[in-house]
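Asks: build me a structure from this.
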Amino acid sequence: MSESPSEFEPSRRSAVAAFLALDVLGAAGALERAGRDIVHLELGEPGAPSPRPVLEAARAALDLGRIAYTESLGRPSLRARIAAHYQQTHGVAVDPARVVVTTGSSAGFILAFLALFDVGARVAVAAPGYPAYLNIFQALGLESVSLETGPETGYVVTAKMIEEAHAKTPLKGVLLMSPSNPSGVMMKEAELKAVCETCDRLGIRFISDEIYHGLTYERPASTALAFSSNVVVVNSFSKYFCMTGWRIGWLVLPENMVRPVERLQQSLSISVPYLSQIGAEAAFDAVEELELVKAGYARNRALLLNELPGMGLGDFHPVDGAFYVYVDISRFTNDSGDFCRRLLHEGGVAATPGLDFDRARGHRTMRLSFAGSESAVREGVTRIGRWLKVG
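Replies: Have a look, this model is predicted:
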C-alpha cells in the first residue's frame, strides 16, 4: 500500500486574495465573543429584516410540505415578475425568456463569465471596485484590467477610458457597477449610454452590475438595458430587497446566451432554492415597506456626510447611491489595514480597509457602510471621532 502524502497542496486557482470585509467581520465576531461591544460598519448588508410579504410567502410554501427543484432558469412566474419590473421601473420591455434566476449575484457572475469568456480573456473593471470581481477572474483564468477612476473622470469609468484600454490591448469584456461599491458613485445616463454604444461598436461584451438599483438618493439609476440589447445585466434581491441570506439574484441576457447559461446552471447548481424563489417573487409586493428602510439609509447617509468632515474625514467620493462612504484617511495613515485594525480593537468600530477595493491606492482609504440601524451608525460616528482624538 502506498503512503499518502501528509499534506496535499491547494490548487493555484484557489490562491485568491482574501475578502477583507469578511475578515474584518470575523475579527469583530471574535471580539464580541470575548465580551466586547462592536459597532458594525464593515458589511454591505441591510440591517432590516426581510420584508413581511417575503416571509409570509415562504411560510405558506413551507406549509405545503414539498420543497422541490425548479426549472434551471428559474420559476416562470418569477422570471416574468422580474421582466415586468423593468417595464414598471425603467420603461424598458424585457422578454421573460431572457431572465435567468441565480443563487445571488455571486453565482450570476460565475455563470456569466463562464458563458461569455474563455480562459485568458481580458476583462476591464473599475478601480476602486468590488473585490470579488478580481478574485473570480483569477479563479476562472481570466485577466483583469484595472481602469483607475478619480475626480478627473467623476470617479466613474468613461467610454474614452474603455476605448483607450482596448486600443492598447484588445478587451473581451467590461464589467461596471453603478451605483458602485465601495463608493456609491453612480454613472449619469449619458455616460452609461456612451459606454454601451462604445462596447457595441468595439465588439466588447458589457456586463452591467446593477445590484444597488433602487438605492439612490437624489436621482434614479438607469439600466444599461435601455441602451443595448447586447448587454448582460446582473442584479440581486440582496440589497434593496433586504434578502442577503436568501441568496437569490438574476441575470438578463442577450437571447443567444440564455441556453449556454442554462446548461451551466443545470450542472453547477441544478436550480436556485425553491423557497428563495417564492420569497423573491413576493418581494415586489413590499415596495412600501422597503422604501421606509431606504429612508433610514438616507438619514444615516445625511448623518455621515454631516459629521465626517468635522473629524478630518471630509474627503470622500460622491455618495449617489448604495449605502457606503469611501473615505480618504491619508491624513491619518498610509496603511488602511493597520488603521482599520486599530479602529476595531481600540475604538470598537468595524470598518473595511480600502485595500479590499483598490490594490494600488487603497492603502489610504476606508469604506464605511451605513446599512445598519440609525442608532448603530450614530454610535459608530461617536466612537470614530473619540478614537481619532485619542489616537
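Asks: show me where the stretch 251-391 of the chain has helices.
Replies: Using DSSP state H, counting those that start in this stretch, the helices found in the stretch 251-391 of the chain span residues 255-268, 274-283, 287-307, 336-347, 374-390.
Asks: reformat these as CSV; add mean neighbour count and distance to residue 320.
Replies: C-betas here are computed from N, CA, C, even on glycine. Putting those into CSV (neighbours: other C-beta atoms under 10 Å; distance: least, C-beta to C-beta, whole Å) gives the following:
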stretch, mean neighbour count, distance to residue 320
helix 255-268, 15, 30
helix 274-283, 22, 23
helix 287-307, 16, 10
helix 336-347, 19, 23
helix 374-390, 17, 18
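Asks: a markdown table for those helices, including mean pLDDT?
Replies: Compiled in a markdown table, the helices of the stretch 251-391 of the chain are given as follows (pLDDT from 0 to 100):
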| stretch | mean pLDDT |
| --- | --- |
| helix 255-268 | 98 |
| helix 274-283 | 98 |
| helix 287-307 | 97 |
| helix 336-347 | 96 |
| helix 374-390 | 95 |
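Asks: need those helices in a markdown table with distance to residue 230, can you?
Replies: Output for the helices of the stretch 251-391 of the chain, formatted as a markdown table (distance: least, C-beta to C-beta, whole Å):
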| stretch | distance to residue 230 |
| --- | --- |
| helix 255-268 | 10 |
| helix 274-283 | 26 |
| helix 287-307 | 30 |
| helix 336-347 | 38 |
| helix 374-390 | 40 |
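Asks: closest one to residue 355 among those helices?
Replies: Checking the helices of the stretch 251-391 of the chain against residue 355 by C-beta to C-beta gives helix 336-347 as the closest, at 5.6 Å.
Asks: format the CA atom coordinates belonging to the closest one as PDB.
Replies: The C-alpha coordinates for helix 336-347 follow below in PDB (Å, rounded to 0.1, in the frame of the first residue of the first chain):
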ATOM      1  CA  SER A 336      -5.500  51.300   5.800                       C
ATOM      2  CA  GLY A 337      -5.200  47.700   7.000                       C
ATOM      3  CA  ASP A 338      -3.500  48.800  10.200                       C
ATOM      4  CA  PHE A 339      -5.800  51.800  10.600                       C
ATOM      5  CA  CYS A 340      -8.900  49.600  10.500                       C
ATOM      6  CA  ARG A 341      -7.400  47.000  12.800                       C
ATOM      7  CA  ARG A 342      -6.700  49.700  15.400                       C
ATOM      8  CA  LEU A 343     -10.100  51.300  14.900                       C
ATOM      9  CA  LEU A 344     -11.600  47.900  15.600                       C
ATOM     10  CA  HIS A 345      -9.500  46.900  18.600                       C
ATOM     11  CA  GLU A 346      -9.100  50.300  20.200                       C
ATOM     12  CA  GLY A 347     -12.200  52.100  19.000                       C
END
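Asks: can you tell which of the helices of the stretch 251-391 of the chain is closest to residue 234?
Replies: Evaluated with C-beta to C-beta, those place helix 255-268 nearest to residue 234, the distance being 11.7 Å.
Asks: residue 33: which of the helices of the stretch 251-391 of the chain is closest?
Replies: Among the helices of the stretch 251-391 of the chain, the nearest to residue 33 by C-beta to C-beta is helix 336-347 (14.0 Å).
Asks: ok, residues contacting the closest one?
Replies: Defining contact as C-beta atoms under 8 Å, 6 or more residues apart in numbering, one finds that helix 336-347 is touched by 20, 24, 27-28, 31, 38, 329, 332-333, 349-355, 362-366, 383-384, 386-387, 390-391.
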